[in-house]
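> When you get a sec, could you give me coordinates for this:
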Amino acid sequence: MTKRVAIFASGGGSNAVKLMESMQGDHPAMPALIVTNQPNAGVIQQAERFGVACEVIDHKPYAGDRAAFETEIQNRLIPYQIDMICLAGFMRVLTAGFTDHWSGRMLNIHPSLLPKYKGLNTHARAIEAGDKRAGCTVHEVTAELDDGPILGQISVPILSGDAPAKLAARVLVQEHQLYPAVLKRFATGDKTPIMRKT
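Okay, the predicted model is just below:
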């Protein structure tokens, strides 16, 4: 049975686009919904382009009440009969109440070689630490930030004189390959990690 996927994104949604592009033909999953917390997010137009429904849930009215915000998200998901969630640049921290409900059914992509550099500014931190390699990770989502079982990683070399923006651009190319590959496996129940180097 084809899995119905909700993709959560806060910005332009380049990873969301790659996921929607990949879920075509005899793919084991289909893009059923885009969820964004930003009323002006570029991903809204991308959802329209792919003919995928979009729910905009502005987080600002829920300031200080993450549980209420997440309850609203859950309520919006119900009509779409969602089986899985893919976080693709969704810039809100989700509470255990939400992540526990979706345990084993929610993926995230993070721009570092986890467990290194959870949180923000990952590329700058990797460069400052003198690391030789950086990269991206797809993992199952748990209540701990950027934690959970790793389902895939691609590492890229950090080059002499690299700036965070240049490194981020090279890593993003790999994100666009890794996330669809992991999703396709995961949707069939295959959690074998995909580990690559460039």
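> Surely W102 and V141 touch.
Yes. Judged on CB atoms under 8 Å, W102 makes contact with V141 at a distance of 7.1 Å. Quick note: C-beta positions are derived from backbone N, CA and C, even for glycine.
> if I've got this straight, A169 is in a helix?
Yes. Counting by DSSP: H, G, I helix; E, B strand; the rest coil, A169 is part of a helix.
> which residues of the chain fall in helices?
Per DSSP state H, the chain carries helices over the ranges 14-22, 43-50, 66-77, 96-101, 122-128, 164-186.
> For I109, find the nearest of these.
Of all the helices of the chain, helix 164-186 sits nearest to I109, with 4.9 Å by CB to CB.
> contact partners of that closest one?
Residues outside helix 164-186 that contact it (CB atoms under 8 Å, 6 or more residues apart in numbering) are 5, 14-15, 18-19, 21-23, 27-29, 84, 86, 88, 107, 109, 111, 121, 123-124, 126-127, 134-136, 138, 151-154, 156, 158-159, 191-192, 194, 196, 198.
> more crowded one of W102 and V141?
V141 (23 against 19; other CB atoms under 10 Å).
> Disregarding flanking residues, what is the spatial nearest neighbour of that one?
With sequence-adjacent residues excluded and distances taken as CB to CB, 6 or more residues apart in numbering, V141 is closest to M106, at 4.2 Å.
> That neighbour is in contact with V138, isn't it?
No. In this structure M106 lies outside contact range of V138 using CB under 8 Å: 11.3 Å.
> quick one, which of these two is more surrounded?
Using other CB under 10 Å as the criterion, M106 and V138 rank with V138 on top: 29 against 21.
> and D83, how far is that from N75?
Between D83 and N75 the distance is 17 Å, computed by CB to CB, to the nearest Å.
> who's more crowded, those two?
Of the pair D83 and N75, D83 is the one with more neighbours under other CB under 10 Å, namely 17 against 11.
> doesn't R4 make contact with that one?
Yes. Applying CB under 8 Å, one finds D83 in contact with R4, separated by 4.9 Å.
> what sits in contact with each of those two?
A29.
> quick check: domain ranges of this structure?
Domain segmentation of the chain under automatic domain parsing yields 1-102, 109-198.
> what's the span of the last one, first residue to last?
Same thing as domain 109-198. 18 Å (CA to CA, to the nearest Å).
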